[in-house]
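**Q** Prediction below, plus the sequence it came from.
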4 protein chains.
Amino acid sequence: MGAKANRTEKHILAKAREIFSKKGFKSVTMQDIVDACDISRGGLYLHFSSVEDIFLAVLKAEDSNSADSSTLSSDEGESESDLSQGINVSTEVSASDRFASFLKEQKRFILRRKDGLSLALMEYYSGHSASPDDNYIKNRFDNCIITIEAIVSDGVESGEFECEDIAGFARNLAYVLEGLKTMASVISISEQAVDKEMFYVLQGIVPVDQYTN
Amino acid sequence: MGAKANRTEKHILAKAREIFSKKGFKSVTMQDIVDACDISRGGLYLHFSSVEDIFLAVLKAEDSNSADSSTLSSDEGESESDLSQGINVSTEVSASDRFASFLKEQKRFILRRKDGLSLALMEYYSGHSASPDDNYIKNRFDNCIITIEAIVSDGVESGEFECEDIAGFARNLAYVLEGLKTMASVISISEQAVDKEMFYVLQGIVPVDQYTN
Amino acid sequence: MGAKANRTEKHILAKAREIFSKKGFKSVTMQDIVDACDISRGGLYLHFSSVEDIFLAVLKAEDSNSADSSTLSSDEGESESDLSQGINVSTEVSASDRFASFLKEQKRFILRRKDGLSLALMEYYSGHSASPDDNYIKNRFDNCIITIEAIVSDGVESGEFECEDIAGFARNLAYVLEGLKTMASVISISEQAVDKEMFYVLQGIVPVDQYTN
Amino acid sequence: MGAKANRTEKHILAKAREIFSKKGFKSVTMQDIVDACDISRGGLYLHFSSVEDIFLAVLKAEDSNSADSSTLSSDEGESESDLSQGINVSTEVSASDRFASFLKEQKRFILRRKDGLSLALMEYYSGHSASPDDNYIKNRFDNCIITIEAIVSDGVESGEFECEDIAGFARNLAYVLEGLKTMASVISISEQAVDKEMFYVLQGIVPVDQYTN
DNA sequence: AATGAATGAGCCTTCATTCAT
DNA sequence: TATGAATGAAGGCTCATTCAT
């Protein structure tokens, strides 16, 4: 694939991402994408053969993006997979800080629903029972749990946190975050509401209140 | 409206509900409903003017149903609005029992996603920023919290539960349930997984383990 | 199906037949048919779901037509299946007359290539290896042979014809007719050329020349 | 035109011939040819400006081939124009042998419909009423008749054949062959069926049976 | 009230052809 | 010469909606 084609595809995916985040998956048409990209009908088909094809490419790009952004928070393309961002810097950083960072990231994602593919993902997977491995939402959820467990586990060791059932706590928090994402994608949710919720969860493991956004 | 028309409409709404729960909102066509109802195209338009019209009628019927169902459990169409079912029976029932009943109901709803309008609701409201009052999802969520607060509050009074932040607990549980619903609608989720999660939440307020499904 | 729909379908098939005979099968588009029928796109799809669907319906109509037309030669819709027309009137008619009638019919079909579906049939079956039973061309060919055999056999009995290998003669004539049809559909062929050919074949079985068109 | 261009064109035509023989004329796209030739879109247009252009070039190449092949039998691409092959070797060969050779060639062509351009030719000429001179099918047919006449004429002179109406016989056989080709291109036809037909025709002129495939 | 044929807009997909590199 | 990205026209299919019966 030539450099030109590559550039075109990146452009298409960027535009398509915006559209998916705005309209979900089901209502997006090839026409929508053609219009947004200022490209010809045939030109689009040269690169992608269907809306689904484009959507999956967008998801793949999300993953690559989040892999890259572990060191530098880019001003655009904040992705849902940034969940673990900030935890692999170095072990010198306290678990509390890492947890705060994690929650801040989640909060940002929850509130900026314009950037979110949640709705699109639900619409897509609800009609495409994909193999577990391919299921973006499940993977995201599982990774989220793993990240939480890692952080809390470290925190318990260092005495920063108190938690008897780390796995339970992680799962619980993951569901709360998922619930927040769902609600945010449908009704508008205030920053305070998110803060309140995260604060509540933190209380369960932090002996002394350390969380301030 | 004659009795006959009324019966026809009820029939249409019942069939439409099934379709919405299976396909969501966006993918449902008038043809789908015509086919399922064994009615003519023109006949359907005599009663409803669009898919949206039908969907809103289905939601309204849901509400009536759940209002009715406090006394009578309808034979089909267990609805998402049944959340509060079981709390207004009588105060003689213990809070624990009511809570167990509530959770059981939630669990059933989470697992039987076939009966659920969650996806349809998300699809509909994500594109129809309705006035807060009309927002079915928000209302459902708020009612869920109120129900939980009421039960837990009673339970604390009677000594069955221990909880310092009832509002926080209720909100937290509501989000967990919402998260479970989301995950269930996208990936398949086992009964054990739901049990585990509910058990985890209960631990937070129940001094002695009382929850068994 | 209501009477109206039935009329529409007949109209569509009549127009479609003209188109197929003019353009063959492969180049015919739904658009062509829509234009010719003065019907809407959707209207056409209400009755037929594809060009193939219409083509097969045209063939079926051909068969019905030819079955009907055994007594009365209609002014339109002369079909390729009229081969046997005129032979089942009564046994009082001499074999020679019946053969003459048969050949006249064949000649008419060969020359009026505008009415012929030969090209369309070839294009269709070359890409749709149908089951032998469904193969219109094969059936037509086989019926043609049977008809010839029957007539010649009668003629031999009555002393009108002389033929030692009736089956061979019938097959040979059938191939000649097929060859004439093919050539006529591609290059223009004169009436004289057809006459000459038929006369040649007749010579093989007729002691005294009886064939005049 | 450089030698390289020449080689490229030959390669294109060879591949195109295969495609035309498989798909006929109408269904062949530039893309089909591009794919088969492992050439670029633009590259193909450098040599040929349309599918029709390529098809005509294929036909022209056929003719050259068959002219050449009177001395050298090409390893592939047995062409329909090989009809006359074998008759211009030398007059020392008996007419019977030459006729047998001719029929064998025809038989091979009829049975190996994969190699045949019949369908493509019909599709092409049916929509392009070409001037008589350019009509490949008519020319082929006429040449076929001439060849037969020549052979039979020699055979009659040498006493090998008996035939009063040589022209009639030749025409008749040509039509039979054409009919066989048509049937073979649409339904599958067995070697026995072809043999039977050729044997029947031969009986008309051969006093003693000499034909064995 | 009810039917279902008909309409036309909208989106999907493919293809011949052009053109900058 | 050669490449392959891009274009736009053409045709396919579906759907909400209307309307004569």
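**A** Arrived safely, thanks for sending. Please read all numbers here as calculations on a predicted model, not as lab measurements.
**Q** Dump the C-alpha coordinates for stretch A:140-151 into CSV.
**A** Provided in CSV are the C-alpha atoms of stretch A:140-151 (Å, rounded to 0.1, in the frame of the first residue of the first chain):
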residue,chain,number,x,y,z
ARG,A,140,-11.8,-3.6,27.7
PHE,A,141,-13.7,-4.7,30.7
ASP,A,142,-11.2,-7.5,31.5
ASN,A,143,-8.2,-5.2,31.1
CYS,A,144,-9.9,-2.7,33.4
ILE,A,145,-10.2,-5.3,36.1
ILE,A,146,-6.6,-6.4,35.7
THR,A,147,-5.4,-2.9,36.0
ILE,A,148,-7.4,-2.2,39.1
GLU,A,149,-6.3,-5.4,40.7
ALA,A,150,-2.6,-4.6,40.0
ILE,A,151,-2.9,-1.1,41.5
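**Q** and the helix or strand of chain A with the lowest mean pLDDT, what does it pack onto?
**A** For chain A, the helix or strand with the lowest mean confidence is helix A:51-68, at a mean of 83 (criterion: mean pLDDT, DSSP states H and E). Counting contacts by 3 or more CB pairs under 8 Å, 6 or more residues apart in numbering or on different chains; DSSP states H and E, helix A:51-68 packs against helix A:3-23, helix A:30-37, helix A:118-126. Placement of C-beta: from N, CA and C, glycine included.
**Q** Quick check: which of these is buried the most?
**A** helix A:118-126 (a mean of 25; mean count of other CB atoms under 10 Å in any protein chain shown).
**Q** Who are the packing partners of that helix?
**A** Checking 3+ CB pairs under 8 Å, 6+ apart, helix A:118-126 ends up next to helix A:3-23, helix A:51-68, helix A:136-157, helix A:166-186, helix B:118-126, helix B:166-186.
**Q** can you pull the contacts of whatever residue of chain A ends up closest to chain D?
**A** Per CB to the nearest CB, A:Leu46 is where chain A lies closest to chain D, at 11.2 Å. Contact analysis of A:Leu46 by CB atoms under 8 Å, 6 or more residues apart in numbering or on different chains lists A:Ala5.
**Q** let's see 10 Å
**A** A:5, A:8-9, A:39-40 (CB atoms under 10 Å, 6 or more residues apart in numbering or on different chains).
**Q** got CSV for these, with distance to chain B and pLDDT too?
**A** Below are those laid out as CSV (distance: CB to the nearest CB, whole Å; pLDDT from 0 to 100):
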residue, distance to chain B, pLDDT
A:Ala5, 32, 86
A:Thr8, 29, 95
A:Glu9, 27, 96
A:Ile39, 25, 96
A:Ser40, 27, 97
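**Q** Rebuild these as JSON lines, extending it with distance to A:Ser188.
**A** Formatted as JSON lines, the contacts of A:Leu46 follow (distance: CB to CB, whole Å):
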{"residue": "A:Ala5", "distance to A:Ser188": "40"}
{"residue": "A:Thr8", "distance to A:Ser188": "35"}
{"residue": "A:Glu9", "distance to A:Ser188": "34"}
{"residue": "A:Ile39", "distance to A:Ser188": "33"}
{"residue": "A:Ser40", "distance to A:Ser188": "37"}
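**Q** wait, which of the residues you listed is closest to C:Gln203?
**A** Among the contacts of A:Leu46, A:Ser40 lies closest to C:Gln203 (CB to CB), at 65.8 Å.
**Q** Go ahead and confirm that closest one touches A:Val34.
**A** Yes. Counting by CB atoms under 10 Å, A:Ser40 touches A:Val34, with 7.2 Å between them.
**Q** can you list the domains in chain A?
**A** Domain assignment of chain A by automatic domain parsing yields the ranges A:1-68, A:70-213.
**Q** check whether the last one contacts DNA strand F.
**A** What that stands for is domain A:70-213. No. Applying CB under 7 Å from any atom of the strand, one finds domain A:70-213 separated from DNA strand F by no less than 13.3 Å.
**Q** What mean pLDDT does that domain get?
**A** Average pLDDT, domain A:70-213: 79.
**Q** roughly how far out does it sit from the chain middle?
**A** Here domain A:70-213 is found 9 Å from its chain centre; the criterion is CA atoms, centre = their mean, to the nearest Å.
**Q** need the contact list for the residue of chain A positioned farthest from its centre.
**A** Most distant residue from the mean C-alpha position of chain A: A:Gly42, 32.1 Å away (CA atoms, centre = their mean). For A:Gly42, the contact set (CB under 10 Å, 6+ apart) comprises A:Val34.
**Q** Kindly provide the distance from it to chain B.
**A** Look at A:Gly42 and chain B: by CB to the nearest CB, to the nearest Å, they are 27 Å apart.
**Q** can you tell me which helix or strand that residue belongs to?
**A** helix A:41-47 (DSSP states H and E).
**Q** can you list the residues of chain A near chain D?
**A** Remark: no part of chain A is in contact with chain D, using CB under 10 Å from any CB of the partner chain.
**Q** among the helices and strands packed on helix A:51-68, which is nearest C:Ile151?
**A** Closest among the helices and strands packed on helix A:51-68, once you apply CB to CB, is helix A:30-37, at 61.1 Å.
**Q** near DNA strand E, anything from that closest one?
**A** Yes. Helix A:30-37 comes into contact with DNA strand E (CB under 7 Å from any atom of the strand), by way of A:30-31.
**Q** And the residue of chain A found nearest DNA strand F, how close does it get to A:Ser185?
**A** Residue of chain A nearest DNA strand F, by CB to the nearest atom of the strand: A:Gly42 (1.8 Å). Using CB to CB, to the nearest Å, one obtains 34 Å as the distance from A:Gly42 to A:Ser185.
**Q** Helix, strand, or coil at the closest residue to A:Phe169 other than its chain neighbours?
**A** Nearest residue to A:Phe169 in three dimensions, chain neighbours excluded: A:Cys163, at 5.4 Å (CB to CB, 6 or more residues apart in numbering or on different chains). Classification of A:Cys163 by DSSP: H, G, I helix; E, B strand; the rest coil places it in coil.
**Q** what's near enough to touch A:Cys163?
**A** A:Cys163 sits next to A:152-153, A:155-156, A:169-170, A:204-206 when contact means CB under 10 Å, 6+ apart.
**Q** so how many other residues sit close to A:Leu111?
**A** By the criterion of other CB atoms under 10 Å in any protein chain shown, A:Leu111 has 18 neighbours.
**Q** distance of it from A:Met122?
**A** A:Leu111 is 18 Å from A:Met122, by CB to CB.
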